[in-house]
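Colleague: pasting the structure only:
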């Protein structure tokens, strides 16, 4: 098999190979992609736009009904605010716990989140 013969299915088969874990898999795919780009002038791995999730994180999504059940048992405004900031604004846990009273001004909240400079991202 030559580099030209490698298909998207071959790359997915490599990803599904349980013998390689997270960072090792990503490293090997990056090396393969760089080699293919050097040899062939194109990198199928970038074209495939793979999304990487940390293996140890189990993301759970709630239905609207489940959210409403949780919301209905909140007892304080703070609990309701935290739930709404996560659900309606899509804020991460770290962003929610990092909100300070100084960040709230004239009906806007400045969020200092991942990938933003110190001026934050106003909502």
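Modeller: Nice, thanks for sending it over. Owing to the predicted nature of the structure, the values given are computational and were not obtained by experimental measurement. Numbers count the residues shown, from 1 in each chain.
Colleague: contacts and neighbour counts: CA atoms only from here.
Modeller: OK.
Colleague: which element is the residue nearest to residue 3 when sequence neighbours are not counted on?
Modeller: What sits nearest to residue 3 in space, not counting adjacent residues and going by C-alpha to C-alpha, 6 or more residues apart in numbering, is residue 36, at 6.8 Å. Using DSSP states H and E, residue 36 sits in helix 22-40.
Colleague: tell me what that helix is packed against?
Modeller: Here helix 22-40 touches helix 44-48, going by 3 or more C-alpha pairs under 8 Å, 6 or more residues apart in numbering; DSSP states H and E.
Colleague: Can you list the low-confidence ranges for this protein?
Modeller: 18, 49-61, 113-123 (pLDDT under 70).
Colleague: ok so, going back, tell me the buried residues in the helix holding residue 36?
Modeller: Residues 25, 29, 32, 33, 34, 36 are the ones in helix 22-40 that count as buried (16 or more other C-alpha atoms under 10 Å).
Colleague: Would you mind finding the longest strand in this protein?
Modeller: strand 108-111 (DSSP state E).
Colleague: Quick one: the helices in this structure, in order.
Modeller: Remark: helices assigned in the chain by DSSP state H are 8-16, 22-40, 44-48, 64-72, 77-89, 93-98.
Colleague: Quick one: distance of the third one to the chain centre.
Modeller: Spelled out, that is helix 44-48. Taking C-alpha atoms, centre = their mean, to the nearest Å, one finds the center of helix 44-48 at 18 Å from the center of the full chain.
Colleague: How is this structure divided into domains?
Modeller: Annotated domains of the chain cover 3-48, 64-122 [automatic domain parsing].
Colleague: my guess is residue 92 meets residue 86, correct?
Modeller: Yes - the pair residue 92 / residue 86 is scored as a contact, 6.5 Å apart, by C-alpha atoms under 8 Å.
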